[in-house]
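Q: Turn this into a model:
(2 chains)
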Amino acid sequence: MQPIIRVEKLGKRYAIGRRENLVTIREAITGAMLAPIRALRRLNGRTADRSAEHFWALKDVSFEVAPGEVLGVIGRNGAGKSTLLKILSRITEPTAGRVELHGRVGSLLEVGTGFHQELTGRENIFLSGAIMGMRRAEIIRKFDEIVAFAEIDDFIDTPVKRYSSGMYVRLAFAVAAHLEPEILLVDEVLAVGDVGFQKKCLGKMGEVAHGGRTVLFVSHNMAAVEALCKRCLMLSGGTLAANGDPMTVMARYVAESAPPDSGAADLTVHPGRRHGDTPTMTRVELGDGAGPARGAIRIGDPMEIRVSYRAARPLRPVLGSVIKTSYGAPVFCVSDRFCAQLAQCEPRAEATIVCRIERLMLIPGNYSIDLWLGDARGDFDVVYDAIGFEVLPADLTGTGRLPPPNIGAVFCEAAWSLTDS
Amino acid sequence: MKALRRENMKSPPPTEENPLNAEAPPHSAAAAAAGAISAPRVPTLVIEGGKGLGGLDFRDLWAHRDLLYFLAWRDVKVRYKQTAMGVAWVILQPLLTMAIFTVLFGRLAKVPSDGEPYPIFVFAGLLPWTYFNQAVTTASNSLVGNAALITKVYFPRLVIPAAAVCAGLIDFAIAASIMFVMAFHYGMPFGASLLLIPPLMALTALFALCVGMWMSALNVKYRDVRYALPFLLQIWMYLTPIIYPLNFIPERWRWLLALNPLSGMIQAFRAAVFGRAIDWSGLGLACAMTAVFLVAAGWSFRRMERQFADIV
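A: Model (predicted):
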């Protein structure tokens, strides 16, 4: 059968801005005046310095999707998933390669796109529907269905700024879910709303898929990918790393995030660093507070995260660490942004921040840490999956048993007793 | 995403090390090839990197006409929310400006007014100017203001500044009603020439769209536009016969004024209001220049459009 999506050698290159994205006319003028000098340098064959100024967010990616297929796309942050969706939905144009799309494309890159706070629910359905590519007649036809799906009948003529966040998300998703394109691109929208509504959303996506439509589903939620998709792509560093049935691809994804045994990682050059940040963190070490760095910690033991940094000028560092499962789902976050214990410290240009978790109550398995470093104003250096570690079992309960990892990553101690009813 | 900047259009030519387009200029194109490949009536879209394409895709624009309507409607609806006086501002703005100009230029400086009472003379010029001024200003900030949309959904980006230009027409219509009250007060004849006002405004809107879309695209990359534009518009107003009649300018400099399309439009607008003979050559020149500007602005907008989502 002819594929509904054909992607050939797709590539997208970004220039790495030294500063934020704004360019002033003055810079453009100096840039233009320096252009001949740069051209001269290039003639001399000195091109190396230039290639360092940009990177490929997506490179040489080729795949095909058959009509009616539900394709999952997984990968770490910065692997190129969002760039791929943005090219397929025509938000941005590729640098190289070619895409063929045989059908109308609808994208759910974010729910609530085009919603305006001051407008009522009714007005927003029309506005948001039109923005996502629906014709007016089409919206009128589906209006009642959308309102029913969102369960907001009584508030349809209330400005959405008075909505609860749950109602807002329900309405936004309802509009998006009624797009009915031949190709649907979905990015992480299932992470919103309460459990009941999430179920409904998954149901709607399944319905869309069974209705013969093609779905491209990008997610960190491996369980959802597994439940919905027959085939799965894995992107890594902008290239296609795996393409096959979800079980195999996910096994590979998990294997790639296996922890280093050493419990220490150099952060000066790290693939998980966001492009454009100011590299400040230099090293991370894990340990149990006694002895050398180690990548395996027993459940119930203390854990220390030691992050060294070197900044251009003295600062009061604010460190945040997000502990995630090997599937990429966040479990908890320890951040001094909320505790402010270092807020009064002596500013230093170079130091090691020590974060001690008194009792690490994670179910045995593999975990990974995202690190966020900044100062009082905000974060300026982020390293995703900076380091992995393993939690080893320990007999906390006195029975030698612990709950299995598939029913939650956290172990919680509790006291049990019986009373008269 | 925020820290990234899409490669500048002037990138180096392809190098030998990377034959696979790696260093090719990144002007890419979304060539919308409507037609049928797999099955009839299924639109096929080919997106290709590394190729240039000029001009606007009118078929795509037409397909999004409902969106244009809803965006313009949103702009109208939202503009005067949370204001105590609401739509009264639409009337107050030109009225107050008229009052100031009448005192300053009509009374104190004794600027002539083609034999009409100065207040209505200046109001008839201010009305299309206020529209133009506001349409260009809102259109210029529209792309940046709608960054959330641009980075999340595809639609022809031109719809956004176009909606801003259309939304301004509502304000114009409300303010125009004041002019008729004034015309009645001064005992002006209501002639058939008034029927020329709608096509004249359509022309003004088209010209505002040219300037607006060009400025809005520039504003995405160079936020200087936001600061430079008010001055530019202020100078432009004084270079347009609004507070003075065309014959106030010495004969040998008048051709310079004719280079300003707004000059022809506002002259014609005034002639239509006062029921005078229209200077068709001036208006024709304005039409021709608008057409040229439209092609140029459309081409340049399309060129810059490719980078919007990456740099906004």
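
Q: what residues does the stretch 151-300 of chain B put near chain A?
A: Within the stretch 151-300 of chain B, the positions adjacent to chain A are B:151-155, B:221-224 by C-beta under 8 Å from any C-beta of the partner chain. In short, each C-beta sits where N, CA and C put it, glycine included.

Q: Only the buried residues of stretch A:166-184, if you could.
A: The neighbour-count check on stretch A:166-184 (16 or more other C-beta atoms under 10 Å in any protein chain shown) flags A:167-179, A:181-184 as buried.

Q: Break the chain down into its structural domains.
A: You didn't say which chain, so I picked chain A. A:57-255, A:264-407 (automatic domain parsing).

Q: that's the other chain; I wanted chain B
A: Following the assignment in automatic domain parsing, chain B carries domains at B:1-53, B:54-311.

Q: Export these to a markdown table and append columns for mean neighbour count, mean pLDDT and distance to A:Gln117.
A: Below are those laid out as a markdown table (neighbours: other C-beta atoms under 10 Å in any protein chain shown; pLDDT from 0 to 100; distance: least, C-beta to C-beta, whole Å):
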| stretch | mean neighbour count | mean pLDDT | distance to A:Gln117 |
| --- | --- | --- | --- |
| domain B:1-53 | 16 | 42 | 23 |
| domain B:54-311 | 18 | 89 | 9 |
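
Q: Spell out, range by range, the helices that occur in the chain.
A: Just so you know, I chose chain A. Secondary structure of chain A (DSSP state H): helices located at A:25-43, A:48-51, A:81-88, A:121-131, A:136-150, A:165-177, A:195-210, A:222-228, A:246-256, A:336-339.

Q: Please refer instead to chain B.
A: Under DSSP H, chain B gives helices at B:58-63, B:65-79, B:88-101, B:118-145, B:147-150, B:159-185, B:197-221, B:224-238, B:254-258, B:261-274, B:280-305, B:308-311.

Q: Could you measure from the spatially most central residue of chain B over to B:Ile174?
A: Closest residue to the average C-alpha location of chain B: B:Ala208 at 2.1 Å, with C-alpha atoms, centre = their mean. Computed as C-beta to C-beta, to the nearest Å, the B:Ala208 to B:Ile174 distance reads 17 Å.

Q: how many other residues sit next to the nearest residue to A:Asn243 once chain neighbours are set aside?
A: Nearest residue to A:Asn243, sequence neighbours excluded (C-beta to C-beta, 6 or more residues apart in numbering or on different chains): A:Leu233, at 5.2 Å. Look at A:Leu233: counted by other C-beta atoms under 10 Å in any protein chain shown, it has 23 neighbours.

Q: Please name the bridge partners of A:Leu233.
A: A:Val73, A:Asn243 (DSSP bridges).

Q: my read: it touches A:Glu69, true?
A: No. Contact criterion C-beta atoms under 8 Å: A:Leu233 and A:Glu69 do not qualify, at 11.5 Å.

Q: so what's whichever residue of the stretch 51-200 of chain B sits closest to chain A up against?
A: Here the stretch 51-200 of chain B gets closest to chain A at one residue, B:Tyr154, 3.7 Å apart by C-beta to the nearest C-beta. Counting by C-beta atoms under 8 Å, 6 or more residues apart in numbering or on different chains, B:Tyr154 touches A:89-91, A:105, A:107, A:133.

Q: mind listing what the nearest residue to it once chain neighbours are set aside touches?
A: In space, and not counting its chain neighbours, B:Tyr154 is closest to A:Arg90: 3.7 Å by C-beta to C-beta, 6+ apart. Counting by C-beta under 8 Å, 6+ apart, A:Arg90 makes contact with A:105, B:30, B:45, B:47, B:154.

Q: How confident was the prediction at A:Arg90?
A: A:Arg90 carries a pLDDT value of 86.

Q: got the residues of the stretch 201-350 of chain A near chain B?
A: So the stretch 201-350 of chain A meets chain B at A:274-277 (C-beta under 8 Å from any C-beta).

Q: Which one of the residues you listed is nearest to chain B?
A: For these, the nearest to chain B is A:Gly276 (2.2 Å; C-beta to the nearest C-beta).

Q: and that closest one, how many neighbours?
A: Using other C-beta under 10 Å, A:Gly276 has 18 neighbouring residues.

Q: Any figure for the gap between it and A:Val382?
A: To A:Val382, A:Gly276 is 10 Å away according to C-beta to C-beta.

Q: Determine which two of the residues of the stretch 201-350 of chain A next to chain B are furthest apart.
A: Taking C-beta to C-beta as the measure, those span a maximum distance of 7.3 Å, between A:His275 and A:Asp277.

Q: pLDDT averaged over the lengthiest strand in chain A, what's the number?
A: Counting by DSSP state E, the longest strand found in chain A is strand A:378-392. Averaging pLDDT along strand A:378-392 gives 88.

Q: Out of the contacts of B:Tyr154, the closest to A:Val65 would be?
A: A:Val105 (11.8 Å).

Q: burial of that closest one, as a residue count?
A: A:Val105: 21 surrounding residues under other C-beta under 10 Å.

Q: Disregarding flanking residues, what is the spatial nearest neighbour of it?
A: A:Ile183 (4.7 Å).

Q: Tell me the bridge partners for that neighbour.
A: A:Ile183 has the following beta-bridge partners by DSSP bridges: A:Val105, A:Thr214.

Q: and it, what is it in contact with?
A: A:4-5, A:88, A:101, A:103-106, A:213-216.
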